[in-house]
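# The sequence and its predicted three-dimensional model are supplied below.
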Amino acid sequence: TVKVPVAIVLLREVEAGRIRLEETIELRASDFVDGAGELILKPPGTRLSLASLLERMLRQSDSTATDLLMRRLSTATLNAQLRSLAPGFQELTTLLDVRRRAYAEAHPRAAGLNNQDFLKLKRAGPAQRLEMLATLLDIPQSSLRTGSLQETFERYYAKSLNSASLRAFGDLLARLACGELLTPANTALLLEHMENIETGQTRLRAGLPSRVRLAQKTGTQVARICNVGIAFVDKPVDGVVITACVEKFADQKAAERVLRQVGQAIAPIVLSAPPGELRVRGMRRTGSPPSREVKIRVNQRQAKERTQSSESDRQSQ
């Protein structure tokens with residue numbers, strides 16, 4: 001879900017005349033990032049336009065495309081803009097640095113691994129990942145500070161790095177839908193990409209009726225999934241902003257069912273939303289502070305998962 005703020009800042013830089021979407025950037029061997037997307041299959045030296053990278057980042061959730069765009073923007077520019085646009089976001093780094101910081105919870109030397117090392121970790125599979133980490137570091141596995149992959153990432157999540165409150169993310173999406181962040185043309189471009197993502201069909205989307213449109217983005221990490229978006233029938237400004245995460249689960253399919261239930265609970269609100277009254281997580285936005293919040297109860301016995309919806313909750317990028 002870090003990819004939505006990256007896209008917003010990129011398009012704002014385009015509008016300021018500092019970047020052109022027609023620009024091309026060369027894919028280097030050091031750019032490949034484990035994760036979703038097809039760019040990892042492209043040979044080094046391939047040149048790609050920023051417009052193509054933007055589409056891949058949003059529609060395919062391509063991690064390599066994301067880091068390429070962050071390289072073009074610079075994390076300094078990204079974070080400076082986010083501080084003014086969306087209070088509540090912590091400092092964002094490249095996805096490669098997310099891996100370095102997370103695995104450094106198991107051993108500090110993991111912070112020095114390169115992108116090819118993390119590709120090897122990904123290929124090892126979740127059950128063997130810490131064993132592979134010890135091999136890459138040339139140390140016995142007993143020297144690691146964590147005993148499981150989930151423990152490693154939970155320690156990383158606890159530091160609230162590369163994260164935002166759900167409310168802050170919701171406010172960012174509300175400003176996007178209301179046309180406060182980008183020109184009408186770029187707002188439409190971004191929302192079109194978000195409506196046509198290739199991931200997340202079993203999450204919020206699965207709980208919404210077909211007549212409800214959803215401009216969305218998903219996020220997946222170890223024992224944590226998120227889904228954020230704007231659900232609407234006709235115009236995004238008349239819709240409902242949803243930000244939801246599930247954490248500390250053993251079964252990802254069960255976690256995705258929780259998000260489907262959130263979609264089912266939100267659907268009547270979307271279908272009854274009055275024109276011109278955008279709701280953020282069920283809170284109305286009419287140019288003044290949100291006036292009410294709709295609380296959603298998820299069937300815990302069916303889902304057997306723990307969800308959070310308070311202002312203090314953090315959303316991993």
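That came through, no problem.

# When you work out contacts or count neighbours from here on, use the C-alpha atoms and nothing else.
Will do.

# all helices for the stretch 1-150 of the chain, in order.
Listed in chain order, the helices of the stretch 1-150 of the chain (DSSP state H, counting those that start in this stretch) span 3-15, 50-59, 63-73, 75-85, 95-103, 115-124, 129-137, 149-157.

# And for the stretch 151-300 of the chain?
Counting by DSSP H, counting those that start in this stretch, the stretch 151-300 of the chain has helices at residues 166-177, 184-195, 204-207, 252-272, 300-303.

# right, so of the helices of the stretch 1-150 of the chain, which gets closest to Pro236?
Of all the helices of the stretch 1-150 of the chain, helix 3-15 sits nearest to Pro236, with 15.7 Å by CA to CA.

# OK, contacts around the residue lying closest to Pro87 once chain neighbours are set aside?
Excluding its sequence neighbours, the residue lying closest to Pro87 (CA to CA, 6 or more residues apart in numbering) is Ala168, at 6.6 Å. By CA atoms under 8 Å, 6 or more residues apart in numbering, the contact list for Ala168 reads Ala86, Pro87, Gly88, Phe89.

# And for Leu27?
Contacts of Leu27 (CA under 8 Å, 6+ apart): Pro43, Pro44, Gly45, Thr46, Arg47, Leu48, Leu68.

# mind redoing it with 6 Å?
The contact partners of Leu27, taken as CA atoms under 6 Å, 6 or more residues apart in numbering, are Pro44, Gly45, Thr46.

# which of those tops the neighbour count?
Pro44 (15 neighbours; other CA atoms under 10 Å).

# how much space between that residue and Gln116?
Here Pro44 is placed at a distance of 13 Å from Gln116 (CA to CA, to the nearest Å).

# now Val9
28 Å.

# out of the two, which sits in the busier spot?
Between Val9 and Gln116, counting by other CA under 10 Å, Val9 is the more crowded of the two (22 against 15).

# Would you mind measuring from the residue nearest to Pro87 to Leu85?
10 Å.

# Next one, pLDDT for the residue of the chain most remote from its centre please.
Distance from the centre of the chain peaks at Pro140, with 34.0 Å (CA atoms, centre = their mean). Note for Pro140: predicted pLDDT of 98.
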